[in-house]
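Undergrad: Provided below are the primary sequence and the corresponding predicted coordinates.
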Amino acid sequence: MNNLRNSVKQFLGKIMKNIKTFFWNLRRAVNNRKKKISDFLDRKNLNFAGKFPGWAKALIYLAPALIVLSIFTFWPIINSLRLVTFENYNIVNNDITGYTVFGNFIKVLNDESFLFEASHTQGTAIMNTLIIVFISVPISIFLALFISVALNSIKFLKNFFQTVYFLPYVTNTIAIGLVIAYMFKADGGLVNQLFGLGKFPWVESGAEHWRSMFVLIFYSIWGSLAFKIMVFLTSIQGIDKQYYQAAAIDATPRRRIFSKITVPLISPMIFYILVTSVIGAFKIYNQIVALFGVTGKPDGVDYTMQSIVMYIYKYIDGGNNLSVAAAGSLILFAIILVLTLVQMQVSKKRVHY
Amino acid sequence: MELRLENLTKIFTNKNGQDTKAVDDLSITIESGTLVGLLGPSGCGKSTTLFMIAGLLKPTSGKIFFGEDDVTKLAPEKRGIGLVFQNYALYPHMTVYKNIMFPLENMDVPRDEAIERVKAMANLVGIGDMLDRKPAQLSGGQQQRVAIARALVKKPRVLLLDEPLSNLDARLRLQMREEIKRIQRETGITTIFVTHDQEEAMSISDKMVVLNYGLEQQYTAPQIMYNEPSNLFVAKFLGNPPINTIDVEIKNNYLMINEQKFMKLNVKDGSYVMGMRPEHFRVAKEEDEKIKIEVSEIFHIGRDTMIHFNVNGQNVRALVDSDSVGDNDKNIYLTLKRNRVYIFEKETGKVIDHE
Amino acid sequence: MFNKTLFDKSNKLEKITFIFDVLAIIAYVTLFIMLFNTLQLPPIDPLTGEIVMSDIETYPLNLVYRFMSFDLTYYQLNLLISITVIFMLVAIPMLAINIKKLRTRTVYDVNSYVAGSKFVNAIINLISFNFVGSILRVINMFVLVEFVKGYKPKEFFKSIIPAIKTKIKKMKEKNVEIDEDIDDQAVITLKKHIKHQNTASAFRLMSTYLFLVIMALIIVVPFYWMVITALKNYTSASSTNPEFFIGLSRMNWINFKVVLEEMNFGLYLKNTIIVAIFSTLGTVITTILSAYAFARIEFKGRELLFSILIMTMMIPGELYIVTNFITVSRHGLGWIGTENNQYFLAMIIPFVTSISYIFFLRQNFKQIPESLYKAARVDGCSDFKYLVRVMVPIASPTIFTITILNVFSSWNAYIWPRIITGIGGEEAKAYWLISNALRDTTFMLETGQVMHNLQIAASTLVTVPLLIIFFAFRKYIMNGIGRSGTKG
């Protein structure tokens, strides 16, 4: 038995050795050839490889990314500035009726479903987006903070909870959105069943605007908690233990430890998360599609749940007026730009230990 | 392999267009098989010199010869050098075996011979039984051994060590420097050793170069340099506790200390800087040329006793035998050997031969 | 002081057990596939060329399923499938955990709990019909017991009862000790204080756990509800009083078959996997190359170029999509909206690079000490070889995180594929990705009601691969996300 095993081992070892030697020799041959060429070039004083300027070398490495980026990132930035000046751009026959400077912006801002409510529907893109931003972001940040502090204070089952809280991060937004919509179904939905609400409509015919909004906010919080918890937990774990030991000796109450030590020490992270999630909330789209369908309008209601992004896509879809879409996305960009500038200013001045 | 540097100069230009001379017109010849310590305070250009020899930096002017070959323009891998870094620079994702094997992959060596060389080299530096480990599983000293093995496995013409011991703790440092000396002797390889630690350099080197602001100060064997410094910088840089330097006057060929005639010297009258190493003092006997000093403080440090006193208004330390002074001695006569009295020019700091 | 031979013997036994574990898992999987294939979809309606949806409810019930010379009813078949799935769910993670434990186990980790866990494993093996594994684990347990306590198997059985007795005795003694104490006033107040403190901290701990459990339930319930609903039949899924639990034999595995085969989700999954693999491959390659250029190569305008890239990260994706839509259409590159549509190209190429990943990886590359590069140069390593042999392996955790994040975001891609496949009518439908399919497939009965069970089954099908990847690389993913602070 032992003999057999040894001989098998020897046999395998030999094969491995042969393979390795083969590759070694291959490399050696290639190296030799390279060396000969470079020696030859050295002798003729032609070896430019060493004198290659940095940018040429960098260009070789950057080329693949730069080509893709210039077509699909840089060009669109320039082009969208061009697009907004077109009047009634139509992709199907690729023609326009004229040029305009602010026309498309005015069109967007005056649109009945963008800024101001129309007589026959409730809810506009800006209204809906702002509600989501101002309600779901603070709630999710507070929840994430509490959960990560709670997680940090326990040992038993910590990994288990961490894993559970992380689950929403690894899901498909549409898939879970369908499940959530199903859970909030009026007839036989889990939520109504659990809380004994009878046939209370949440996301379908008969539901008021706030109910649909509640479900949307619930879902956006549910989906965004995971990332925030992970980031907060990582930064809380990075806090020096000595602060807590000092606080314990001073018999500081837990609430004060939380508000005077934990929060200030991770304030850069909180602020970063705040800004990124506000930006993220301004871009909300997939969740709305998942819950309310492509039009952002639950069946049989007289309001719309569309967000800014959804408004933009309405114009991209089918390509009926891409100039308006470009104007909408530039407005969104302006909002995000302002937020980012605020972040940069504040993080320079205010957020510190 | 003899290594020759000819008028080697390196000028760095920063963003504002200001030039800094890191190495200034350095010309030295390192004999085959010697271990030369490159010594100087931080920022004196010693690492720059080393990297120019390695080919990682291009000299602004000057030439580098390995034996008769001019390697100034050669790429590092064609020079045949082994380089050991301060932080070892081991590849953290490779085992010790693969780390040592890595340089051979780029050379013209058959695989069997390569494996043999790796094993032999690992045994030479004393890590033969750790080939399967990753660098993170090794202690600092062991990592340093791996780095040396990796540098030597190529059979380089010159071995360059860049502050190899400064990341080790004191005890290991002592052990490793003996180890490096042993390995260098066994392989007989020409070695350059960069350090800012004078004790380290003195104990390990066959010869030492002291650099300051890119300028060579002195190039000779350590003991000679210690006993016969060529200028004030070298004298100050070597020795612990440091040399005492005081301003003195020479009047009528007599060295004046505390207004007393101390020693007759063959030097022109004028003011000079005098250097005295603390450990060169002795309590004077009757027949010696001596000075009377007033002890201001006295410390017993085991074998020796440290005496502080004032000379020409400046504090001077002397290390003398514990038995030769009592605790309550206020006035003592001290002496120095003639050739242990260093007189430097005030402006240039050059030593003046006073015999 | 330790009996190394026993330890080695235990490890060897464990390794042999793994072979049988793997065999068992292979058996479960093949059994599952065979059973799943035995399920039969209702016949195709000759008029529409599709199956009649309402038949899914009734048709399979009355069939007799032939499986390895057994005749099974629909319920029995479902029961068998459920059992194999449960076996897989237990056996695969158990194997993974055991392998990991064995790799990290040292002599010092072994105590009586390890032996106990072997026993529990053995029982699980026994229940899941892995008899050889079970026996080997019991033997291993005895080896470990001997290793820890020095008992031979016989002595071990004898020692059980006295051990329990001494335990009980000790507990009794403890109680007595407290009673015997004679306290003066100070000690009593101190004790009260401690007791008060203990109750307070216990209360605090309990409320912490309560909070965490409630939040965890909110997180988990949608997943649970998804899986349960996916296995219900239409009547049960649309009833006014939904069931919270369903029996093993009443799980309708046929739902998945309908979704995969009849509703083409097999095809959509394949599409998504193709897009995910190629866009991730592209992203990783371009990211590594550019991050290297930004981290290591000195060239004029490096900082300027890099800050331009960083600035574009602020711009919302919608702005790009407007123009990119024109770019890939027949007025630009002509990938879509022409005779010969290149849907995959249009879906993959715009996403083969990502500025945020370049930024993330560059930060990581910058932390690799410069001296490694110098050492490699002296060893005759070219720039590219240094990148491949040294930098990439060292930064592999980050590269892995990037890979995973990119796979996730491809799996989640909705809007761009939707716009791309919005052109071209029926032909484009064959290029749907799963998100589009989930939203735009009509899971409807002929009468117009939505078949929620099928819809949710499709959702489950989409979610499960992600969860598998997540559980396989849990630690890497969670650490990577925590550090990165960025999401696609």
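TA: Received it, and whenever you're ready, just let me know what you need.

Undergrad: who touches the residue of the stretch 101-250 of chain C at minimum distance from chain B in this structure?
TA: Closest to chain B within the stretch 101-250 of chain C is C:Thr106: 13.6 Å, counting by C-beta to the nearest C-beta. The C-beta positions use only the backbone N, C-alpha and C, and glycine is treated the same way. For C:Thr106, the contact set (C-beta atoms under 8 Å, 6 or more residues apart in numbering or on different chains) is empty.

Undergrad: Return the residues in contact with the closest residue to chain B within the stretch 151-300 of chain C.
TA: Across the stretch 151-300 of chain C, the shortest distance to chain B (C-beta to the nearest C-beta) belongs to C:Lys300, at 12.1 Å. C:Lys300 makes contact with A:Gly54, A:Trp55, according to C-beta under 8 Å, 6+ apart.

Undergrad: same thing but at 6 Å, please
TA: A:Trp55 (C-beta atoms under 6 Å, 6 or more residues apart in numbering or on different chains).

Undergrad: Backbone dihedrals for it, both of them.
TA: When read as degrees, to the nearest 10, the backbone of C:Lys300 gives phi -70, psi 140.

Undergrad: A strand includes A:Val301, no?
TA: No. Using DSSP: H, G, I helix; E, B strand; the rest coil, the assignment for A:Val301 is coil, not a strand.

Undergrad: picking that back up, what does the pLDDT read for the residue of the stretch 101-250 of chain C closest to chain B?
TA: Predicted confidence (pLDDT) for C:Thr106: 77.

Undergrad: Please see if the longest helix seen in chain A touches chain B.
TA: When chain A is parsed with DSSP state H, its longest helix is helix A:2-43. Yes. Against chain B, helix A:2-43 shows contacts by C-beta under 6 Å from any C-beta of the partner chain at A:Thr21, A:Trp24, A:Asn32.

Undergrad: ok, back up a step: next one: the residue of the stretch 101-250 of chain C closest to chain B relative to C:Thr287, how far apart?
TA: C:Thr106 sits 38 Å away from C:Thr287, going by C-beta to C-beta, to the nearest Å.

Undergrad: the strands in the stretch 251-355 of chain B, which residues?
TA: Using DSSP state E, counting those that start in this stretch, the strands assigned to the stretch 251-355 of chain B run over residues B:254-257, B:260-264, B:270-276, B:282-283, B:291-301, B:304-311, B:314-321, B:331-335, B:342-344.

Undergrad: Given the second one, what are its sheet partners and their directions?
TA: Which is strand B:260-264. When pairs are called by DSSP bridges, strand B:260-264 turns out to pair with strand B:254-257 (antiparallel).

Undergrad: Also the third one?
TA: Each strand paired with strand B:270-276, and its direction, by DSSP bridges: strand B:244-251 (antiparallel), strand B:342-344 (antiparallel).

Undergrad: re the thing from before, averaged pLDDT, the longest helix of chain A. What do you get?
TA: Taken as a whole, helix A:2-43 carries a mean pLDDT of 86.

Undergrad: can you put the strands of the stretch 251-355 of chain B in JSON lines and add mean neighbour count and mean pLDDT?
TA: Shown next, in JSON lines, are these (neighbours: other C-beta atoms under 10 Å in any protein chain shown; pLDDT from 0 to 100):
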{"stretch": "strand B:254-257", "mean neighbour count": "19", "mean pLDDT": "81"}
{"stretch": "strand B:260-264", "mean neighbour count": "16", "mean pLDDT": "78"}
{"stretch": "strand B:270-276", "mean neighbour count": "19", "mean pLDDT": "88"}
{"stretch": "strand B:282-283", "mean neighbour count": "19", "mean pLDDT": "84"}
{"stretch": "strand B:291-301", "mean neighbour count": "14", "mean pLDDT": "84"}
{"stretch": "strand B:304-311", "mean neighbour count": "18", "mean pLDDT": "86"}
{"stretch": "strand B:314-321", "mean neighbour count": "18", "mean pLDDT": "87"}
{"stretch": "strand B:331-335", "mean neighbour count": "18", "mean pLDDT": "84"}
{"stretch": "strand B:342-344", "mean neighbour count": "21", "mean pLDDT": "88"}
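
Undergrad: Of all the ones you listed, which one comes closest to B:Glu228?
TA: Closest of these to B:Glu228 is strand B:342-344, at 8.6 Å (criterion: C-beta to C-beta).

Undergrad: Show me what from the stretch 1-150 of chain B comes close to chain A.
TA: Checking the stretch 1-150 of chain B against chain A by C-beta under 6 Å from any C-beta, the hits are B:Ala75, B:Asp108, B:Arg111.

Undergrad: how much space between the second one and C:Met88?
TA: Computed with C-beta to C-beta, the distance linking B:Asp108 and C:Met88 is 54 Å.

Undergrad: Can you pick out the residue with more neighbours from those two?
TA: A direct count of neighbours by other C-beta atoms under 10 Å in any protein chain shown for B:Asp108 and C:Met88 places C:Met88 higher, at 17 against 10.

Undergrad: Next up, the contacts around the more buried one.
TA: Listed by C-beta under 6 Å, 6+ apart, the contact partners of C:Met88 are C:Tyr28.

Undergrad: Name the helix or strand for it, please.
TA: C:Met88 is located in helix C:74-104, with elements delineated by DSSP states H and E.

Undergrad: List the buried residues of that helix.
TA: Buried residues in helix C:74-104, counting neighbours by 16 or more other C-beta atoms under 10 Å in any protein chain shown, are found at C:74, C:77-85, C:87-88, C:91-92, C:94-95, C:98.
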